[in-house]
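Participant: Sequence first, predicted model second:
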Amino acid sequence: MSSDVSGALRNVFEEMADSAPPPAGLVPATLGRARRQRVARLTVGGGLAAVLCAALVGLLGAIVPLTGGAADQAATGGEGVLPSVVTAYSGVRDPKVTDPSPAFNYSLVLNRKKGRYDRVPYPFAMPSPDGSRVLVGRGDNSRGMSGKGASGGAGPTEVGVLDLANGNVRWIPTPELGVPTVWGYTNLGRWSPDGRQILFTYRPRTAADSGFLLVDPETLRTTFRPLPDLGTQNTHGLDLVWTPGSDGFALTTSPETSAGASGNVTGIRFYDLTGRLLRTVPASASLVEAGWFSPNGSQMALTEPVPVGAQPKVTVADAETGATRQVIALHRPVRLLGWTDERHLLVYVYGDAETPGADERDALLVVDLAGQTVRTIRPAEESPQQMFIGSSEGLPGSAAKLTF
């Protein structure tokens, strides 16, 4: 990274630390209509494109603390700092940028010292488990796009590790031509639960060349290992998911049908970090994110696409056998975010702007395994592409309303 860019980033972080303007309010009603159209198309779980790629409604402001009135505070219960918190709202639509490409989105990252969210100029941001670094991505492998106000911008995809202490980003270097990379037909990486490695799912056009990459966040050294199952057993195109012990990953299997179309989910395969298959458990729904394993790793939260207007559901299954333990019926379109403990899940609920008297605002809900809401939190930003959950350890008391 050049000294000019490094200095600019430091200035941005210093300005964010010294100022906290209030949110400027919601963007115009035209975006509200787009958001309602998006909600009508949502499915639960299923393909990542259906769940994570949505029209976004953003709040303005470089620093966005959680806000809410007396009714919100009453719904959240006590004011103590609870164990979990959203560590980043990744991929937030910037209403000041006219180009709709996700390349121009920004993200909000939790400031653990001050108990608030700081804006960072990257359309992808995933904090490390200890909160000291952030995996960031920018660009979308396109050129010649118009847009202003986002340093992420169009152009080649880059992935790097941002050090929150000094604002420096170390970009993962481009390997030699023909070597699998962390760009292109991949996700933008996921920290291991212990923070020691970063996993990238690699799905090129040629299925036989599929595999995964492991990156050391200290040295940025990249190791590629082939995994043909990604091409032959993964017609839904889902990413690999870390297992809780950081010693392996899981893959939702959906073999191709005889007609060449995407098949139904048939199971969850577990692998070690060499790509060796350890076991397969039966399943008929998808495991999409690492947070969908319960904290002790004994349970999985699985989802499947549902038709518009149908009641979404979450299946809680035994991680060793695949046996169904509980089916949770939910009442309106949601995104499953993960577990808060062994008995509760966190879901993101979209506001209902079509029903008179309904709450038009989005919300984070902690639900028990019977589907009952036990806590409501207003998100610091509405409809980000992704959200990441982590420990609230060390947060000041002023952040109590952020935690669950």
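Facilitator: Great, that's in hand.

Participant: Helix or strand: which one has G231?
Facilitator: helix 229-232 (DSSP states H and E).

Participant: low pLDDT regions in the stretch 251-400 of the chain?
Facilitator: 258-261, 307-309 (pLDDT under 70).

Participant: packing partners for the helix holding G231?
Facilitator: strand 248-253 (3 or more CB pairs under 8 Å, 6 or more residues apart in numbering; DSSP states H and E). In this view, the C-beta of every residue, glycine as well, is placed from N, C-alpha and C.

Participant: Need the residues that contact the strand it packs on.
Facilitator: Applying CB atoms under 8 Å, 6 or more residues apart in numbering, the external contacts of strand 248-253 come out as 199, 212, 229-230, 233-234, 236, 238, 240-243, 265-273, 278, 280, 283, 286-288.

Participant: Those, buried ones only, as a PyMOL selection?
Facilitator: Here is the PyMOL command that selects the buried residues among these (16 or more other CB atoms under 10 Å):
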select buried, resi 199+212+229+230+233+234+236+238+240+241+242+243+265+267+268+269+270+271+273+280+283+286+287+288
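
Participant: which stretches of the chain form helices?
Facilitator: 3-18, 29-41, 48-52, 70-76, 229-232 (DSSP state H).

Participant: So for stretch 330-344, what gets flagged as buried?
Facilitator: In stretch 330-344, counting by 16+ other CB under 10 Å, buried: 330, 333-340, 344.

Participant: can you give me the strands in the stretch 251-400 of the chain?
Facilitator: Along the stretch 251-400 of the chain, counting by DSSP state E, counting those that start in this stretch, strands occupy 267-272, 277-282, 299-302, 313-318, 324-329, 334-341, 344-349, 363-368, 373-377, 386-391.

Participant: Render the CA-only coordinates of the first one in PDB, please.
Facilitator: Right, the one you point to is strand 267-272. Extracted in PDB, the C-alpha atoms of strand 267-272 (Å, rounded to 0.1, in the frame of the first residue of the first chain):
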ATOM      1  CA  GLY A 267     -26.700 -33.900   3.000                       C
ATOM      2  CA  ILE A 268     -23.900 -32.100   4.700                       C
ATOM      3  CA  ARG A 269     -20.300 -33.300   4.100                       C
ATOM      4  CA  PHE A 270     -17.500 -32.600   6.600                       C
ATOM      5  CA  TYR A 271     -13.900 -32.300   5.600                       C
ATOM      6  CA  ASP A 272     -10.500 -31.700   7.300                       C
END
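
Participant: Quick check: V134 touching S128?
Facilitator: Yes. The criterion here is CB atoms under 8 Å, and V134 meets it with S128 at 7.0 Å.

Participant: Please identify which of these two sits among more neighbours.
Facilitator: V134 (26 against 21; other CB atoms under 10 Å).

Participant: And for the more buried one, nearest residue in space, chain neighbours not counted?
Facilitator: Counting by CB to CB, 6 or more residues apart in numbering, V134 lies nearest to L162, which is 4.3 Å off, once chain neighbours are set aside.

Participant: what bridges to the one you found?
Facilitator: V134, V169 (DSSP bridges).

Participant: residues touching it, list them.
Facilitator: Contacts of L162 by CB under 8 Å, 6+ apart are 120, 122, 125, 133-136, 168-169.

Participant: any idea how far the residue nearest to A165 when sequence neighbours are not counted lies from G211?
Facilitator: Of all residues not flanking A165 in the chain, S132 sits nearest, at 6.9 Å (CB to CB, 6+ apart). Taking CB to CB, to the nearest Å as the measure, S132 and G211 are separated by 29 Å.

Participant: Looking at these two now, which is surrounded by more residues?
Facilitator: Neighbour count, other CB under 10 Å: between S132 and G211, G211 has more, with 21 against 13.

Participant: how many other residues sit next to the nearest residue to the more buried one once chain neighbours are set aside?
Facilitator: Counting by CB to CB, 6+ apart, the nearest residue to G211 once its immediate chain neighbours are dropped is P226, at 4.2 Å. Other residues within reach of P226 by the criterion other CB under 10 Å amount to 14.

Participant: and P226, how far is that from G248?
Facilitator: Here P226 is placed at a distance of 16 Å from G248 (CB to CB).

Participant: Repeat that for L277.
Facilitator: Distance of L277 to G248, given as CB to CB: 10 Å.

Participant: what touches both of these two?
Facilitator: 270-271.

Participant: ok, now which ones touch the residue nearest to V86 when sequence neighbours are not counted?
Facilitator: Excluding its sequence neighbours, the residue lying closest to V86 (CB to CB, 6+ apart) is M387, at 5.4 Å. M387 makes contact with 86, 88-90, 335, 337, 348, 379, according to CB under 8 Å, 6+ apart.

Participant: Only whichever of these are buried, select them in ChimeraX.
Facilitator: Restricted to buried positions by 16+ other CB under 10 Å, the ChimeraX selection for the contacts of M387 reads:
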select :86,88,89,90,335,337,348,379
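
Participant: does V85 really touch L110, like I thought?
Facilitator: Yes. When contacts are counted by CB under 8 Å, V85 is listed as touching L110 (6.5 Å).

Participant: Now the common contact residues for those two.
Facilitator: Joint contacts of V85 and L110 (CB under 8 Å, 6+ apart) are 390, 402.

Participant: who has more neighbours, those two?
Facilitator: L110 (26 against 22).

Participant: just so I have it, where are all the strands in the stretch 101-250 of the chain?
Facilitator: 106-111, 116-120, 124-127, 133-138, 158-163, 169-171, 190-191, 198-202, 211-215, 222-226, 241-242, 248-253.

Participant: I'd like these as CSV, with distance to L365 appended.
Facilitator: As requested, these are exported to CSV (distance: least, CB to CB, whole Å):
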stretch, distance to L365
strand 106-111, 20
strand 116-120, 19
strand 124-127, 22
strand 133-138, 26
strand 158-163, 30
strand 169-171, 34
strand 190-191, 24
strand 198-202, 29
strand 211-215, 33
strand 222-226, 38
strand 241-242, 23
strand 248-253, 24
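
Participant: residues near A400, how many?
Facilitator: Neighbours of A400 (other CB under 10 Å): 17.

Participant: Correction: the previous question concerned V281.
Facilitator: 17.
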